[in-house]
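In: based on what follows, work out the 3D shape:
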Amino acid sequence: MQAMSTIPLSIRIEPTLKKELDDVAKLDNRSASSLVAELITKYLQSRKNKELAIQKAIDEADKGEFISHETMKTWFASLGSNNELPFPEPDC
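Out: Predicted coordinates:
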């Protein structure tokens, strides 16, 4: 597998944060730089997932099909009971 090329990135952080980062990197037997790169990648992916979820919710809302709050409350209250209700259908 060919290694991906990288470019330098310089940031300024508080000394206590740098020490904590170095300590964790040492425990993981890796460089602080590789740990930061992984954390940035995970953050960006999490953010992308959030944006996709928001867009999906907007697309669903644009369909105009909604379940009322009262219907959802009733359904949710039934969960775990002996008379669990099926997931409600849109009522408007």
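In: ok, which stretches of the chain are helices?
Out: Assigned by DSSP state H, the helices in the chain fall at 15-27, 32-62, 69-78.
In: redo the ones you listed as JSON lines? Include mean pLDDT and distance to E84.
Out: Where you see a C-beta, it was placed from the backbone N, CA and C, and this is true even at glycine. Output for the helices of the chain, formatted as JSON lines (pLDDT from 0 to 100; distance: least, C-beta to C-beta, whole Å):
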{"stretch": "helix 15-27", "mean pLDDT": "97", "distance to E84": "44"}
{"stretch": "helix 32-62", "mean pLDDT": "96", "distance to E84": "24"}
{"stretch": "helix 69-78", "mean pLDDT": "95", "distance to E84": "5"}
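In: quick one: closest of those to A3.
Out: A3 sits nearest to helix 32-62 of all those, at 11.8 Å, using C-beta to C-beta.
In: in the closest one, which residues are buried?
Out: A32, L35 (16 or more other C-beta atoms under 10 Å).
In: what helices or strands is it leaning on?
Out: The elements that helix 32-62 packs onto, with contact taken as 3 or more C-beta pairs under 8 Å, 6 or more residues apart in numbering; DSSP states H and E, are helix 15-27.
In: which residues sit against the helix it packs on?
Out: Residues outside helix 15-27 that contact it (C-beta atoms under 8 Å, 6 or more residues apart in numbering): I13, S31, A32, S34, L35, V36.
In: buried sites along that helix?
Out: Using 16+ other C-beta under 10 Å as the test for burial, helix 15-27 gives L21, A25.
In: now do it: distance to the chain's middle.
Out: 24 Å (C-alpha atoms, centre = their mean, to the nearest Å).
In: for the closest residue to A25 other than its chain neighbours, what are its contacts?
Out: Nearest residue to A25 in three dimensions, chain neighbours excluded: A32, at 4.3 Å (C-beta to C-beta, 6 or more residues apart in numbering). Contacts for A32 (C-beta under 8 Å, 6+ apart) come out as K18, L21, D22, A25.
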